[in-house]
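J.: Based on what follows, work out the 3D shape:
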Amino acid sequence: MGAAGGADTGPGGDGPGGDGSRGGGSRPRVRTRYGLVEGRTGAAGTAVFRGIPYAAPPVGALRFAAPAPPAPWDGVRDAGAFGPTAPKVPYPDTFAALLPDPEIPGDDCLGVNVWTPDPAPVARLPVMVWIHGGAHTRGSSAVPVYDGSAFARDGVVLVSFNFRLGVLGYGLFPDAPANRGLLDQIAALEWVRDNIAAFGGDPGRVTVFGESAGAISIGALLAAPRAAGLFARAVLQSGAPEVLPRDGVRTMVRRMASLLKTPATAVAFAATPLPALLAAQGAVLRRSGPLLGGPAFGLVADPDTLPQDPLDALTGRGASGDVPLLAGWTREEYRLWLAPTGGMRLLDRMGPAAVELARLRAGQDRAAVRRLRAVLPGASPAELAGQLLTDRLLRDPLRRLAGARRSAPSFLYEFAWPSGVPGLGSCHALELGFVFDTLDVPESAWLAGPDAPRELAREMHAAWVRFALTGDPGWEPWNGSGPPKVFGGPEREPASAVGAPPRGTCGADATPPVLP
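T.: Presented below is the predicted three-dimensional model:
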């Protein structure tokens with residue numbers, strides 16, 4: 001089922017029956033607010049618990065509702081395997097060969113997983129909560145690369161969880177709350193606040209971290225009033241705070257309604273069989289892409305959940321300004337979006353027109369192209385276009401976010417090691433196996449190739465652990481200019497101007513591309 005957690009080395013049986021105890025070689029047990037769970041003993045004496053519900057199954061009347069509390073249970077709930085993944089459509093074949101995405105059937109998909117070095121309330125260890133990526137439409141906590149054993153090995157309680165995706169989590173309806181995926185994330189963080197001490201974690205030392213759409217979600221959590229106080233530090237990997245135009249998200253729902261021949265309401269969609277709903281979602285997703293822009297599923301500004309564009313909230317009025325921030329990108333993010341699909345070859349055939357199109361799409365002036373050529377002499381049109389779009393999507397808004405913070409430090413990084421898979425370079429999502437120190441997991445080689453440097457993984461993983469422990473990953477905070485900390489490659493000066501382009505420079509109807 002895609003599980004990559006520590007091996008079950010303990011015998012079966014009833015165990016001690018106490019809370020947060022092991023009782024010799026028995027399986028570890030912890031009492032949550034909803035009932036007793038039994039996990040497994042992992043490597044180096046750590047404990048792992050999988051598939052613990054933090055909310056009720058989102059089925060029937062709850063399919064498009066805000067998350068509801070789970071029902072308490074009697075006796076001992078087995079937490080030895082990952083729970084069901086959120087309903088989703090598979091990646092296209094070109095991405096499915098690079099991005100593992102297990103599918104585990106079942107309704108009870110709103111669950112958490114916990115890796116801990118010491119499941120005892122007296123431990124008070126730092127906690128890291130992982131939010132997966134997948135363009136708000138794919139992904140899960142069961143991806144093998146996200147195994148939390150290395151964090152537990154190094155004294156951190158690691159939590160991961162699932163949340164609703166696609167139309168179920170982000171479709172915009174007149175009769176349902178907006179941003180249900182975000183509400184699920186907040187409910188999971190509330191579960192951490194209320195339960196993590198029983199697993200040895202300190203609810204006052206929680207660091208949220210995520211990649212791609214997971215990092216975009218963290219940008220929203222930083223700005224969402226309902227999430228205030230649920231975490232103390234944040235890590236944004238290859239994703240910047242953003243919201244999508246409400247009309248664009250409505251367009252996705254209306255296109256699905258047209259295919260389904262049903263009204264574009266939550267009541268009608270809830271009455272539609274799930275396979276038909278996912279088939280329609282897959283059809284409309286084919287009309288958008290990572291660099292094409294256009295309508296997509298994602299977060300929207302909403303008075304109840306996200307009152308303001310999160311980037312504006314975080315850089316303007318300084319929301320969550322006291323939360324230390326670690327943020328960064330990979331050097332060649334665009335290669336994951338373009339190389340597998342033949343987009344690099346297409347842009348190179350377009351020649352200078354590709355660079356000009358990307359410049360306009362990124363809202364940059366021609367001086368930006370000249371600066372980029374100076375930094376990357378000999379770069380192809382596709383490489384120049386990809387870097388311009390990466391500036392627009394990631395580097396500029398993350399620098400803007402880091403530069404606007406006053407009360408807490410911000411640390412920037414760049415991951416520059418090139419993949420051993422031909423054509424991918426230092427692409428989007430490549431750093432994941434290094435952050436989790438899971439290069440020995442077979443699926444890590446799908447992006448990294450067979451000979452990725454373990455020493456670099458140890459260095460990067462240690463920086464994330466240190467940030468969770470101390471708020472300092474091991475290099476100087478960003479001072480508003482200059483290059484970031486570089487992992488796996490030579491340092492270079494940034495080509496783009498510091499700060500994002502002014503709002504509106506891409507046109508009033510421009511939509512940020514959706515990251516895979």
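J.: Could you find the closest non-adjacent residue to the residue nearest in space to the middle of the chain?
T.: Centroid-nearest residue in the chain, with CA atoms, centre = their mean: residue 214, separated by 2.0 Å. Of all residues not flanking residue 214 in the chain, residue 131 sits nearest, at 3.8 Å (CB to CB, 6 or more residues apart in numbering). For glycine as for every other residue, the C-beta is placed from the backbone atoms N, C-alpha and C.
J.: residues touching the one you found, list them.
T.: 161, 163, 185, 208, 209, 210, 214, 215, 217, 218 (CB atoms under 8 Å, 6 or more residues apart in numbering).
J.: Now do the helices in the stretch 401-516 of the chain.
T.: 432-435, 445-448, 454-470 (DSSP state H, counting those that start in this stretch).
J.: how far does the last one sit from the chain's center?
T.: Same thing as helix 454-470. 18 Å (CA atoms, centre = their mean, to the nearest Å).
J.: what's the distance between the residue lying closest to residue 488 once chain neighbours are set aside and residue 431?
T.: Of all residues beyond its chain neighbours, the one nearest residue 488 is residue 417 (2.9 Å), with distances taken as CB to CB, 6+ apart. Note on residue 417: its distance to residue 431, by CB to CB, to the nearest Å, is 8 Å.
J.: So the two - more neighbours on which side?
T.: Ranked by neighbour count (other CB atoms under 10 Å), residue 417 and residue 431 place residue 431 first, with 28 against 22.
J.: surely that one meets residue 460?
T.: Yes. Between residue 431 and residue 460 there is a contact under CB atoms under 8 Å: 6.9 Å.
J.: Give me the common contacts of those two.
T.: With CB under 8 Å, 6+ apart, residue 431 and residue 460 have common neighbours 415, 487.
J.: show me the contacts for residue 215.
T.: Residue 215 neighbours (CB under 8 Å, 6+ apart): 131, 133, 235, 236, 237, 238, 239, 240, 327.
J.: Next up, phi/psi of it, please.
T.: phi -70, psi -40 (degrees, to the nearest 10).
J.: follow-up on the earlier one: could I get the contacting residues of the residue nearest to residue 488?
T.: Here residue 417 is in contact with 426, 430, 434, 452, 453, 456, 487, 488, 489 (criterion: CB under 8 Å, 6+ apart).
J.: sorry, back to before: need the helices of the stretch 401-516 of the chain in a markdown table (columns: mean pLDDT and distance to residue 78).
T.: Output for the helices of the stretch 401-516 of the chain, formatted as a markdown table (pLDDT from 0 to 100; distance: least, CB to CB, whole Å):
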| stretch | mean pLDDT | distance to residue 78 |
| --- | --- | --- |
| helix 432-435 | 98 | 28 |
| helix 445-448 | 96 | 30 |
| helix 454-470 | 98 | 29 |
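J.: Which one, of the ones you listed, ends up nearest to residue 42?
T.: Residue 42 lies closest to helix 454-470 among the helices of the stretch 401-516 of the chain, at 16.7 Å (CB to CB).
J.: rewinding a little: out of the contacts of residue 417, who's nearest residue 74?
T.: residue 434 (42.9 Å).
J.: Tell me how far that closest one lies from residue 333.
T.: Per CB to CB, residue 434 is found 15 Å from residue 333.
J.: Ok, residue 462 next?
T.: For residue 462 relative to residue 333 (CB to CB), the value is 24 Å.
J.: of those two, who's got more company?
T.: residue 333 (28 against 15).
J.: Surely that one is in contact with residue 390?
T.: Yes. Counting by CB under 8 Å, residue 333 touches residue 390, with 4.6 Å between them.
J.: Any chance of the helices of the stretch 401-516 of the chain in TSV with distance to residue 250 as columns?
T.: Formatted as TSV, these follow (distance: least, CB to CB, whole Å):
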stretch	distance to residue 250
helix 432-435	32
helix 445-448	34
helix 454-470	38
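J.: so which of those is the most packed in?
T.: helix 432-435 (a mean of 25; mean count of other CB atoms under 10 Å).
J.: Could you say which helix or strand holds residue 361?
T.: Following DSSP states H and E, the helix or strand that holds residue 361 is helix 352-362.
J.: Show me the contact partners of that helix.
T.: With CB under 8 Å, 6+ apart as the contact definition, helix 352-362 has outside contacts at 293, 347-348, 350, 365-366, 368-369, 381-382, 384-386, 388-389, 391-392, 501, 506, 510.
J.: switch the cut-off to 7 Å
T.: 347, 368, 369, 381, 382, 384, 385, 388, 389, 391, 392, 506 (CB atoms under 7 Å, 6 or more residues apart in numbering).
J.: Go through the residues you listed and single out the one with the most neighbours.
T.: Among those, residue 385 has the most neighbours (other CB under 10 Å), with 30 neighbours.
J.: That one touches residue 347, doesn't it?
T.: Yes. In terms of CB atoms under 7 Å, residue 385 counts as a neighbour of residue 347; the distance is 5.2 Å.
J.: Just to check, residue 201 is in contact with residue 127?
T.: Yes. Counting by CB under 7 Å, residue 201 touches residue 127, with 4.1 Å between them.
J.: anything in contact with each of those two?
T.: In contact with both residue 201 and residue 127: residue 157, using CB under 7 Å, 6+ apart.
J.: in the longest strand anywhere in the chain, what's buried?
T.: Using DSSP state E, we find that the single longest strand of the chain is strand 201-211. By 16 or more other CB atoms under 10 Å, the buried positions in strand 201-211 come out as 201, 203, 205, 206, 207, 208, 209, 210, 211.
J.: Contacts for stretch 80-99, please.
T.: Taking CB under 7 Å, 6+ apart as the rule, stretch 80-99 contacts 1-3, 8, 39-40, 50-51, 101-109, 111, 113, 137-138, 140, 142, 162-166, 168, 274, 278, 281-282, 285, 340-341, 429, 446-447, 516.
J.: starting at the chain centroid, how far to stretch 166-175?
T.: With CA atoms, centre = their mean, you get 19 Å for stretch 166-175.
J.: can you check stretch 406-419 too?
T.: That offset, for stretch 406-419, works out to 16 Å (CA atoms, centre = their mean).
J.: And it, end to end?
T.: End-to-end distance for stretch 406-419, by CA to CA, to the nearest Å: 36 Å.
J.: Likewise for stretch 280-299?
T.: Note: stretch 280-299 ends 20 Å apart using CA to CA.
J.: Repeat that for stretch 222-234.
T.: Note: stretch 222-234 ends 8 Å apart using CA to CA.
J.: residues in contact with it?
T.: By CB under 7 Å, 6+ apart, stretch 222-234 touches 129, 182, 186, 189-190, 193, 204-208, 218, 221, 241, 305-306, 308, 310, 313-314, 319-320, 323-325, 467-468, 471.
J.: gap between the nearest residue to residue 351 once chain neighbours are set aside and residue 387?
T.: Using CB to CB, 6+ apart and skipping residues adjacent in sequence, the residue nearest residue 351 is residue 381, 5.3 Å away. Distance, residue 381 to residue 387, using CB to CB: 11 Å.
J.: do residue 93 as well
T.: 27 Å.
J.: Give the residue from those two that has the larger number of neighbours.
T.: Neighbours per residue, other CB under 10 Å: of residue 93 and residue 387, the larger number sits with residue 387, 26 against 8.
J.: so where's the chain uncertain?
T.: 1-25, 289-293, 492-516 (pLDDT under 70).
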